[in-house]
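*Asks:* here are the coordinates; sequence isn't available:
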């Protein structure tokens, strides 16, 4: 195929007419599909149903240490579930606190606590004139919403195929004491699917923050969420690297089973240095009487250990591979050579990130919506919802069925083509 | 029995010697009992075990509206659980948001959010020089810990048998714009067991707060926690009364099933005006991806409605009545007429509140501990842990067995007697 940019105006107009015809046909189908959120599909939810039988009315409700999970106590989580989550997060049990259903909630609470109480004794952020966070982009919209809600200034950092632009990160973190954090999804990044290289992780661990209360917010949401058995990403252990570098307190690691067991009923956890965990616990003891321990017991007994988790994740991967393939095959078949978009084939995670020609993302998402295919809002992957290039679109292929994904992908590439042609024609006019 | 205060020094010394003998006998028993926390006992936890079978691997996991509880969504709680909690809290479903395992967590979050974001658009409290809360005393230590943690100044308000001293409450709330809240346990109060009279509730509803962001923090923790079938307290509906009085936004109501289903795995809820709920939700949508909805489904299907809840609470009452009786009978038999302590016989809730002679509470709790009977720390029922009279002791009779409660009660009255005699003798010396 010839690149669109090399087409003459007449060729573009002819193409446009053909695409519009196709668009009308699609329009008549009255589709109602959703590629917006990283929601597991029905068959994934079915995978974990046996977990609901593991704890029942005849179960011994005590932990291995003999504590009754039904009663108050074990604020930091029951031992067996702390061990399970520690395994998953590649840290020691004592470095982990198991919380409720949502790791996002732990992140929000961590920022909120820093606003009102500072970090391990530092000045509360609400007393400071300016607090800044670095935001590798494109990134996870709900991270950005947290910092936005607290009035924290967000600074875009380009995310490359091996991780954030570390020159920029070092420049900001090592010189500006107002920079208190950076949002990271280090493995199978949301949305680009890339994983941080060893060098990037080491450069993170070796930062010399100008602010003593600077922390890396390491959201390892997709730590065991591989798509393939042969090609899997692994990242360096950030907690160990930080210790080695003499920055033991510099990172909070977050994870959950939302996309392992159930989004509506998982367990989440935070891992960090003992000193950080102590500070967190000194507040958690005021904040809550405890998280759901019966659900922790259910998870610990069902998955048992990291092998149980990994075996379960293989089943998820089997469900997800054809859905990802439906999108990737369509993108490749329909867009290769046209130079109107690029994408990365992820080896794990929940998303495919698509970059259109600059200035086309909003138009593409709008056209998809008009055809009944809901995408994540253009710009959502950037702080304040503002993609300076209007280029990035997050595709979430997990929730619809394979057949729906095939249809939705065809709609998507059609809209990419049409929006690109319109953009090129408008540029000629200008 | 003669009142201790009327005994001569010689009589007191003789009594002291006898009590010390008894004390030594107790000491030799090496007891290990706990009357410290309001924890349900083992047989109460057993009552709800069938709930764990209600949702299993062959269950339909959809709500009545067809939403899959296993997936993301229903941030404000699934409809049937909102209805259940609304029934329990005597409000409409739309006024309720169902959250996670801990109502304390909702209260903490409510105060924390007010610190960082104000109340429905008011100035964030962290930007104010001074924020004050009224604290009816004796009260719930964990309420006070929340406000203490946020540096909020706490003002003691005497709690009478019909509720807080409303003259003082009106004086503070209606005149001091720094007063932003009051902690209330309006029914079967923690620890005194009293319930607010209709007049008190109406006076609350008719406050004219100097601060627009003043709210009543109405922790209806024991709303259906009756001990008897014939004599039950009922309180006026504060949300309705506030509406009638033209103060629709003035109250947040909190409740949970911690002492209905399981402390380690219940559901909690907040109820308020639609305007307040909207503001709460506008933050909750940033804070969390949602609370545990499968557990909400479990609760809704097991209890069904308020009748199911009430029937279940009768079973709890049957377990609790003899434990309360063990304490109350001992207090009555051993202390009547001695004028060294007073107590209220509660009709519900989890505690018996004991007032010793001024200056004796710490000594009593210390002596109990030395004999192996752990009580709630003296002073814990007051802000900053400071009981100005050193008089109030909270007795939690629910966790130990009946037999253990009988022993613990005997230890307690022995320590009350001994500490009182020592105090009277010391006063004579002085």
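*Replies:* Ah, there it is. Please read these numbers as outputs of a predicted model, since none were measured by experiment.

*Asks:* So for stretch A:201-220, what gets flagged as buried?
*Replies:* Neighbour-count burial for stretch A:201-220, counted by 16 or more other Cβ atoms under 10 Å in any protein chain shown, picks out A:201-207, A:209, A:211, A:213-220. Quick note: C-beta positions are derived from backbone N, CA and C, even for glycine.

*Asks:* now swap in stretch A:242-260 and tell me
*Replies:* Applying a neighbour-count criterion of 16+ other Cβ under 10 Å, one finds A:242-243, A:245, A:247-260 buried in stretch A:242-260.

*Asks:* now, which of those lie close to chain B?
*Replies:* Contacts with chain B within the buried residues of stretch A:242-260, counted by Cβ under 8 Å from any Cβ of the partner chain: residue A:258.

*Asks:* Among the buried residues of stretch A:242-260, which ones are in helices?
*Replies:* When DSSP state H is applied, the buried residues of stretch A:242-260 are split such that A:242, A:243 fall in helices.

*Asks:* Looking at the buried residues of stretch A:242-260, which are in strands?
*Replies:* Applying DSSP state E to the buried residues of stretch A:242-260, the entries found in strands are A:251, A:252, A:253, A:254, A:255, A:256.

*Asks:* tell me the centre residue of chain A?
*Replies:* residue A:190 (3.7 Å; Cα atoms, centre = their mean).

*Asks:* quick one: it and residue A:318, what's the gap?
*Replies:* 22 Å (Cβ to Cβ, to the nearest Å).

*Asks:* now swap in residue A:242 and tell me
*Replies:* Per Cβ to Cβ, residue A:242 is found 35 Å from residue A:318.

*Asks:* follow-up on the earlier one: using JSON lines, please lay out the ones in strands among the buried residues of stretch A:242-260 together with distance to residue B:171.
*Replies:* Listed next are those as JSON lines, based on distance: Cβ to Cβ, whole Å:
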{"residue": "A:251", "distance to residue B:171": "50"}
{"residue": "A:252", "distance to residue B:171": "45"}
{"residue": "A:253", "distance to residue B:171": "50"}
{"residue": "A:254", "distance to residue B:171": "47"}
{"residue": "A:255", "distance to residue B:171": "51"}
{"residue": "A:256", "distance to residue B:171": "48"}
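
*Asks:* dump the residue contacts of the residue lying closest to residue A:161 once chain neighbours are set aside.
*Replies:* Once flanking residues are discounted, residue A:161 sits nearest to residue A:194: 5.2 Å by Cβ to Cβ, 6 or more residues apart in numbering or on different chains. Neighbouring residues of residue A:194 by Cβ atoms under 8 Å, 6 or more residues apart in numbering or on different chains: A:159, A:160, A:161, A:162, A:163, A:188, A:344, A:346.

*Asks:* Pull out the buried residues from stretch A:188-195.
*Replies:* Quick answer for stretch A:188-195 (16+ other Cβ under 10 Å): A:188, A:189, A:190, A:191, A:192, A:193, A:194, A:195.

*Asks:* what's the most distant pair in those?
*Replies:* Farthest-apart pair in the buried residues of stretch A:188-195 is A:191 and A:195; separation 13.4 Å (Cβ to Cβ).

*Asks:* ok so, going back, residue A:411: which of the buried residues of stretch A:188-195 is nearest?
*Replies:* Lowest distance from residue A:411 to the buried residues of stretch A:188-195 (Cβ to Cβ) belongs to residue A:191, with 18.9 Å.

*Asks:* Who are the contact partners of the closest residue to residue A:264 other than its chain neighbours?
*Replies:* Closest residue in space to residue A:264, ignoring its immediate chain neighbours: residue B:293 at 4.1 Å, by Cβ to Cβ, 6+ apart. Residue B:293 is in contact with A:264, A:265, B:63, B:69, B:70, B:73, B:74, B:77, B:78, counting by Cβ under 8 Å, 6+ apart.

*Asks:* ranking these by neighbours, who comes first?
*Replies:* Counting neighbours by other Cβ atoms under 10 Å in any protein chain shown, the top entry in the contacts of residue B:293 is residue A:265, with 31 neighbours.

*Asks:* residue ranges of the helices in the stretch 51-200 of chain A, please?
*Replies:* All helices of the stretch 51-200 of chain A, identified by DSSP state H, counting those that start in this stretch, fall at A:51-54, A:79-89, A:103-117, A:141-149, A:166-175, A:198-205.

*Asks:* one step back: could the ones in strands among the buried residues of stretch A:242-260 be laid out in JSON lines, adding distance to residue B:401 and pLDDT?
*Replies:* Listed next are those as JSON lines, based on distance: Cβ to Cβ, whole Å; pLDDT from 0 to 100:
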{"residue": "A:251", "distance to residue B:401": "47", "pLDDT": "98"}
{"residue": "A:252", "distance to residue B:401": "43", "pLDDT": "98"}
{"residue": "A:253", "distance to residue B:401": "43", "pLDDT": "98"}
{"residue": "A:254", "distance to residue B:401": "42", "pLDDT": "98"}
{"residue": "A:255", "distance to residue B:401": "41", "pLDDT": "98"}
{"residue": "A:256", "distance to residue B:401": "39", "pLDDT": "98"}
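
*Asks:* Can you tell me which of these lies closest to chain B?
*Replies:* Using Cβ to the nearest Cβ, residue A:256 comes nearest to chain B of these, at 8.9 Å.

*Asks:* these two touch, right, that closest one and residue A:103?
*Replies:* Yes - contact criterion Cβ atoms under 8 Å: residue A:256 and residue A:103 qualify, at 3.9 Å.

*Asks:* what lines up beside the lengthiest strand in chain A in the sheet?
*Replies:* Ranked by residue count, the top strand of chain A under DSSP E comes out as strand A:153-160. Neighbouring strands of strand A:153-160 in its sheet, by DSSP bridges, are strand A:132-137 (parallel), strand A:163-164 (antiparallel).

*Asks:* Before we move on, what's the pLDDT of residue A:129?
*Replies:* Residue A:129 is assigned a pLDDT of 96 by the prediction.

*Asks:* quick revisit: chain center to the longest strand of chain A: distance?
*Replies:* 15 Å (Cα atoms, centre = their mean, to the nearest Å).

*Asks:* And for stretch A:400-419?
*Replies:* Offset of stretch A:400-419 from its chain centre (Cα atoms, centre = their mean): 22 Å.

*Asks:* same question, stretch A:156-167
*Replies:* Chain-centre distance of stretch A:156-167: 16 Å, with Cα atoms, centre = their mean.

*Asks:* The helix or strand bottoming out on mean pLDDT in chain A pairs with which strands, and in what direction?
*Replies:* Ranked by mean pLDDT, DSSP states H and E, the weakest helix or strand in chain A is strand A:33-35, scoring a mean of 90. Strand A:33-35 has the following sheet partners, assigned by DSSP bridges: strand A:373-375 (parallel).
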